[in-house]
Structures are given as C-alpha cells and as structure tokens.
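[1] Fold the following.
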Amino acid sequence: MKIESEIEKVSSFQHLEMLANQVVEGFISGMHKSPFHGFSAEFAEHKVYNAGESTKHIDWKLFAKTDRLYTKRFEEETNLRCHLIVDNSSSMHYPELKSNQPFYEKKIGFAVLASAVLMNILKKQRDAVGLSVFSDKYEYYAPEKGSDRHHRMLLNKLEELLVQPKVKKTTDTITYLHQIAEKMHRRSMIILFTDMFQTEDDEKLFNALQHLKHNKHKVVLFHVVDNETELKFDFDNTPRKFIDLESGDEVSIFADNVKEQYEERVEAYFKNLALTCAKNQIKYVPVNVGDNFEKILTTYLVEKQNFG
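    Residues are numbered from 1 along each chain as shown. The predicted structure is shown next:
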C-alpha cells in the first residue's frame, strides 16, 4: 500500500481536512490487504461481534464481503478520549521549504497533518479529541469533545500553526507538559508531537512525561525529525553557517569536519530516549518528515487496541 500516491493526488489542495481524509481513506483501503485488515472495521464504524451478543445489529452485507461478523456502532458509543499535543517552537518550523515542497515536509507541517489524520479517525469512531499547543508558552488548550463544531475549531487552530512565527520561540517542554498533565482528569490516550529540542536535563523531561501518565493515561511520543539533515547531517562540504532557530546562535563550520561526531551524539541521544521511554512504558516512535503517515496510523491502532 502506498499512501504517498494518495497524498500526491491531493497535494494541490490546501484544505487540511480534505487532505487528512484522503490519507485515511487510502490507508483504510490498503488495510484490507495488510496484516492490519482486522482493524479496518474500526474505521467503518463497526465493532467485532462477540459470541453471546444480540444478533440484531449484525451487518450482514459486511459479513458477505469479509466473512467476519461485525455489529454497527451507535452515536453514544464513545470508547476513547484522546488529547493531541503539538510543539510549536521555532525549531519545529524546519527545514525551510522550497516553493514546490508540500507543507508536511517541514516538521510542524508533518505534526499538523498527522494530528488532522488522527482527528479524522477519531471522528469516524465518534471518539473525543482535545488539543494542546506549546512553545515558550502554553499557546492553546481545548478539552476532549466529539462534536463537528469542535473538530472544525481544532482544524482551524492546526492550520494557523503552519504560519512561520515572526519571533523566535524557544521550547519549554517541561513546564507545559506538567501544566497539560494537570488538566487531564479522565483516562485518555495522550499523543505528543515534538522534535525533542530542549535545554533542560533528561531527568526533568522524563519526570514531566511520567506526570502525563498519571491516572493511567497512555502516552505516545512521536519524535519528529528531518532525517537527512538532523540525523545524517547530510550537507555538502562547503563552509556553512548554522543558526539555532530558537536562540539565534550561529556557528560556521565545514559539515564534514563534525559529521561523524555529530552522528554519534545524535544516535546516542535517540537510543537514550527510546530506552528511557521503554522503562517508563511510554510508546516512543521516531518519525521522519519525508515519510508517509502509515507509521502514525498503525501505531495509533495498535495502542488503541492495548488501551482497554
């Protein structure tokens, strides 16, 4: 299954909701041929029929197609509360895109479209979704709701994030994760999109992530990076000026002179993140802005199955 082809078909559309829907529809149609095809009923607003339940609401047409028994879901069935958190600091507005590049090849654009894609699934399943946005301040908060009006409001907010901020915004991940945690009262799945650029020490960061897990919340951390430049440090060997997007600090170097050391440090940082998240039962998923959204969707589905 190639979600890329679905995205290409609609990349001319600027409308976030339409693009998110196309990604999800492409994913659903592909699921019938994948190991996840059993999950696709989730999207169709059905649930697996369990022996002993009333047969009144079995969808026989779906049984004829799939040879599996599913019953139809109803409006009042809301199984999940999901809170999306998006890091909107200046480092997320990287890399700078060429005029012909789609917005989702920038970190913030990827996080925005991934959030819209998850919202689309949550809406199909009539689950409640909320949103928090932070940088050097707590920019936005909306609690979990399921109405169409609420979804439109969140989509509008996500679209606003695509605009490059005029002032540099640092990342205060720790302060605002603690504040968000304080607002989460009912058990929820919490999904965080961030590039993990923060100056505080790792222990304080993981204390904040642990705080998000109180009340038995499930936490998924999508670590958004541009693999080519941030992971592989793939630059030609001409002298370059590197500018910190959050502090404005500058350094001029030949990329080749530091490439090996840089890659070692980054790899060690990623490994430490993955290990510490595993110890704290936080699902850690590195995602590259150049990739499709399959990893986002399959992670969500597996984690929802485990949410129970």
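[2] Contacts only, for Glu53.
    Thr71 (CB atoms under 8 Å, 6 or more residues apart in numbering). For every residue, glycine as well, the C-beta is placed using N, CA and C.
[3] quick one: it and Asp148, what's the gap?
    Glu53 sits 30 Å away from Asp148, going by CB to CB, to the nearest Å.
[4] Then Val219?
    In terms of CB to CB, Val219 sits 28 Å off from Asp148.
[5] the more surrounded of those two?
    Taking neighbours as other CB atoms under 10 Å, Val219 and Asp148 compare with Val219 leading, 25 against 8.
[6] Can you pull the poorly scored residue ranges out of the stretch 151-300 of the chain?
    Scanning the stretch 151-300 of the chain for pLDDT under 70 picks out 199-200.
[7] ranges for the helices of it?
    Taking DSSP state H, counting those that start in this stretch, the helices of the stretch 151-300 of the chain run over residues 173-183, 202-212, 255-279, 294-307.
[8] all strands for this structure, in order.
    Under the criterion DSSP state E, the chain contains strands at 46-48, 70-72, 81-87, 128-134, 138-145, 189-194, 218-225, 239-243, 250-254, 283-288.
[9] Could you export these to a markdown table, including columns for distance to Met18?
    Converted to a markdown table, those look like this (distance: least, CB to CB, whole Å):
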| stretch | distance to Met18 |
| --- | --- |
| strand 46-48 | 24 |
| strand 70-72 | 26 |
| strand 81-87 | 19 |
| strand 128-134 | 18 |
| strand 138-145 | 21 |
| strand 189-194 | 21 |
| strand 218-225 | 22 |
| strand 239-243 | 35 |
| strand 250-254 | 40 |
| strand 283-288 | 22 |
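[10] wait, which of the helices of the stretch 151-300 of the chain is closest to Lys72?
    helix 294-307 (18.9 Å; CB to CB).
[11] In that closest one, which residues are buried?
    294, 296-301, 303-304, 307 (16 or more other CB atoms under 10 Å).
[12] Pick the one among these closest to Phe254.
    Ile296 (36.0 Å).
[13] Measure how buried the nearest residue to Asp256 once chain neighbours are set aside is and give me the count.
    Spatially, and ignoring its direct neighbours in sequence, Asp256 is nearest to Asn237 (4.3 Å; CB to CB, 6 or more residues apart in numbering). Counted with other CB under 10 Å, residues neighbouring Asn237 total 10.
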